[in-house]
Structure formats: structure tokens, C-alpha cells
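In: show me the folded form of this:
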Amino acid sequence: MAEQTTSNDGSIIPLEQITHSIYLIRGQKVLLNVHLAALYNVETKILLQSVKRNRERFPDDFMFQLTKQEFNDLRSQIVTSRWGGRRYPPFAFTEQGVAMLSSVLRSKRAIQVNVEIMRAFVQLRRLLTSNTDLSKKLEQLEQKYDAQFKIVFDAIRELMKPPAHKKRPIGFAPWKEDK
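Out: Next up is the predicted model:
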């Protein structure tokens, strides 16, 4: 088994690694079984076997299997080949499903990883809430001041938008910045 390393804040997995693995599918924030298996440091097959042995702990609002269309859409968004030759679409685990995994996977690492995942979900909720609060405050200010500040408000709204990710070309050609 691989040696565990911890970061400066005591976590065994960087928060960014977890948050980049969380997807919005069917209106829910979820982690896919392939990513969870990697975080728990177990094979995907082992993770799914544990879940299948305890199926009653994972109702549809805790875990669901992606449709072929959802899986194809997700693969085209991610643009990576690390999915391999999968026969079936992956399973998606909601926050409650991930919490339930700690009762199924009983290793020390599973417990630590679950704590880190729960922290990531909490941080995402805080970010969404603070962004919503900021939008409301901005609207209130905009109503309070006249049109001369419209440019300022438009600029602030533009800064609040998530950054547009530039796609790198596939292959070994150097990546050139647009100018």
C-alpha cells in the first residue's frame, strides 16, 4: 500500500483535488466512483462490491448510475482518456452517499478521506452562498445609485463570473497564448 502523506493543514488529500472531482449532475453535486476509488486508494471494483453488498444503505438520492448520454457528455467535457475501456457508465455519489461510504469502507484512510470530502462540500456551499449574497448586495447598490455607476457594476459582475478555461490543443505542439 502507498505511504500516506499529509499536507501542511493535516489533510491527506489537497482540497483542490477533491473539489475538481465534484461534478454537477442532475442538479446535484456528486463524486464519481472512479474518483472516489482513487481518493480511497482502492480499486473501483472493490468500492462497487462494497456498495453492492450494502445496497440498502444507498438509495437513489445517495447514489445513482449515470445514463450513457450523461456519461458521454461528461467525457466530452473532461476530454481525458483515463476513463479506459468502461463497459458501464459510472456511479455518482451525492454528499450523503459519500458519508454513507464511511460505514461501508472501514479503513482509517476511508475515514480520513471522508472527512476531507465533507470539508470540500462545505467549502463549496460557502462559496455558493457568499456569491449569492454578493450578487444580492450588488443589486441593492445598483438600485440605490444612478446610471453613471452602471459601468462599475457591469465590471464587478464580469469579475464575479467564473474564468473561462482555455483548451490546450491535443498532442505535443506548444501551446500559444491568444494575443
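In: excluding chain neighbours, what is closest to the spatially most central residue of the chain?
Out: Nearest residue to the geometric centre of the chain (C-alpha atoms, centre = their mean): residue 22, 1.1 Å. Leaving aside its sequence neighbours, residue 22 sits nearest to residue 29 (C-beta to C-beta, 6 or more residues apart in numbering; 5.3 Å). In this view, the C-beta of every residue, glycine as well, is placed from N, C-alpha and C.
In: next: residue 119.
Out: residue 15 (6.9 Å).
In: give me the pLDDT for the one you found.
Out: Note on residue 15: pLDDT of 75.
In: what is the lowest-mean-pLDDT helix or strand in the chain packed up against?
Out: One helix or strand of the chain scores below all others by mean pLDDT, DSSP states H and E: helix 150-160, with a mean of 73. Under the contact criterion of 3 or more C-beta pairs under 8 Å, 6 or more residues apart in numbering; DSSP states H and E, helix 150-160 touches helix 108-144.
In: show the average pLDDT along the helix it packs on.
Out: 78.
In: kindly calculate the angle that that helix makes with helix 150-160.
Out: Per axes from the mean of the first three to the mean of the last three C-alpha atoms, to 10 degrees, the angle that helix 108-144 makes with helix 150-160 is 170 degrees.
In: can you pull the buried residues of helix 108-144?
Out: For helix 108-144, the neighbour count (16 or more other C-beta atoms under 10 Å) marks 109, 110, 112, 113, 114, 116, 117, 120, 121, 142 as buried.
In: the fifth one contacts residue 98, doesn't it?
Out: Yes - taking contacts as C-beta atoms under 8 Å, residue 114 lies within contact range of residue 98: 6.5 Å.
In: now residue 13, nearest residue through space, not along the chain?
Out: Distance criterion C-beta to C-beta, 6+ apart; nearest residue to residue 13, sequence neighbours excluded, is residue 116 at 5.1 Å.
In: where do the helices sit along the protein?
Out: 15-19, 33-40, 44-53, 68-78, 95-104, 108-144, 150-160 (DSSP state H).
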